[in-house]
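Participant: Turn this into a structure:
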Amino acid sequence: MLSALIIVFREVLEMSIVLGMLFAATKGVAGANKAILTGAGLGLLGAFAFAIFMDEVENAMDGAGEFVFNAIVLGIASILLAWTVVWMSKHGREMSQRIKQVGESVADGSTPMIGLMIIALAAVMREGGEAVFFLFGVMQVEDDPQAMLIGGLFGLLAGGALGLVLYQGLIRIPMKHVFSVMGGLLILLAAGMASQAASNLVLVDMIPPIIDTVWDSSFILSDESLMGEILHVMVGYDSQPSGMQMMVFVATLGIVTYLYRKA
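Facilitator: Residues are numbered from 1 along each chain as shown. Here you go, the predicted structure:
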């Protein structure tokens, strides 16, 4: 029961953080909530499909299938987040001035609704797929499905509640600061996702680590701790990052920040 609770809580918290940031960043934009919820729904369907074909995915490419799958999803999400950040830098002032006239703010159809949908889809499908993968592993050593179900439900509620708390904090940011704050958060999120994609490919030896471990901060902040999990989602925190992870993080951070300021 405890294993299922922890696994589901961790994955639901991660997807809740991403969705909460998207909802907060696009608050007041007509059609944004629908796009995000549609993407989340499609992501759930993708996670179910992953569960059905999990053995095939896990064994694909000599056992590296799950890592490659995660890397692809994270890479796509990072690119789309960068696109969303650049769009926000161009339209943020207009949106803040016309926020009370929601319909007009997207009358020209330039809002990246498809991008929002795909980012939400990627977040939910990746975390849902990981939850299925880890729960499958737990089922190999535990034989009490009822306890696992109860633990999973508690984890779902706890992760969702914490994500809601984060969202409520984000939407209380004054409107004149909201786009700069959310732009910065989304840039960090994009860089973190890109570094996690690199980490997955390093783990299966598809790209070199350059340096196996740049530092070890696990004695200060463990990856398994609550704050470690939150920072892992928001900025790609890893207590023992490889050189490749750090290079990808810094490069993505620099490129997206440059595009954001230029736009």
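
Participant: Nearest residue to Val250 in space, please, no chain neighbours.
Facilitator: Ala191 (7.8 Å; C-beta to C-beta, 6 or more residues apart in numbering). The C-beta positions use only the backbone N, C-alpha and C, and glycine is treated the same way.

Participant: Give the full set of residues in contact with that neighbour.
Facilitator: Ser78, Val235, Gly236, Phe249, Val250, Thr252, Leu253, Val256 (C-beta atoms under 8 Å, 6 or more residues apart in numbering).

Participant: Can you pull the poorly scored residue ranges out of the stretch 1-150 of the chain?
Facilitator: When residues are selected by pLDDT under 70, those of the stretch 1-150 of the chain lie in 1-3, 6-7, 54-55, 57-63, 88, 90-112, 133-145.

Participant: all helices for it, in order.
Facilitator: 2-25, 32-52, 54-63, 65-97, 113-139, 145-170 (DSSP state H, counting those that start in this stretch).

Participant: For the residue nearest to Val250, give its distance to Ile114.
Facilitator: Using C-beta to C-beta, to the nearest Å, one obtains 22 Å as the distance from Ala191 to Ile114.

Participant: Could you verify my assumption that Val204 touches Ala64?
Facilitator: Yes: counting by C-beta atoms under 8 Å, Val204 does reach Ala64; the two are 3.8 Å apart.

Participant: quick check, nearest of the contacts of Ala191 to Ser218?
Facilitator: When the contacts of Ala191 are compared for distance to Ser218 (C-beta to C-beta), Gly236 wins out at 15.6 Å.

Participant: Determine the number of other residues adjacent to the nearest residue to that closest one once chain neighbours are set aside.
Facilitator: Leaving aside its sequence neighbours, Gly236 sits nearest to Gly192 (C-beta to C-beta, 6+ apart; 2.7 Å). Gly192 has 25 neighbours, counted by other C-beta atoms under 10 Å.

Participant: Counting neighbours, which bits of stretch 25-41 end up buried?
Facilitator: 25-32, 35-36, 38-40 (16 or more other C-beta atoms under 10 Å).

Participant: Now name the helix or strand holding Ser222.
Facilitator: Under DSSP states H and E, no helix or strand contains Ser222.

Participant: in what helix or strand does the nearest residue to it once chain neighbours are set aside lie?
Facilitator: Closest residue to Ser222 apart from its sequence neighbours, by C-beta to C-beta, 6+ apart: Gly228 at 5.3 Å. According to DSSP H and E, Gly228 maps onto helix 226-235.

Participant: Alpha carbons only: can I get that helix in CSV?
Facilitator: Only the C-alpha atoms of helix 226-235 are listed here, as CSV (Å, rounded to 0.1, in the frame of the first residue of the first chain):
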residue,chain,number,x,y,z
LEU,A,226,9.3,16.1,-1.4
MET,A,227,11.3,19.2,-2.2
GLY,A,228,13.7,17.2,-4.4
GLU,A,229,10.7,15.9,-6.4
ILE,A,230,9.3,19.4,-6.8
LEU,A,231,12.6,20.8,-7.9
HIS,A,232,13.1,17.8,-10.2
VAL,A,233,9.9,18.8,-12.1
MET,A,234,10.3,22.5,-12.1
VAL,A,235,14.1,22.8,-12.9
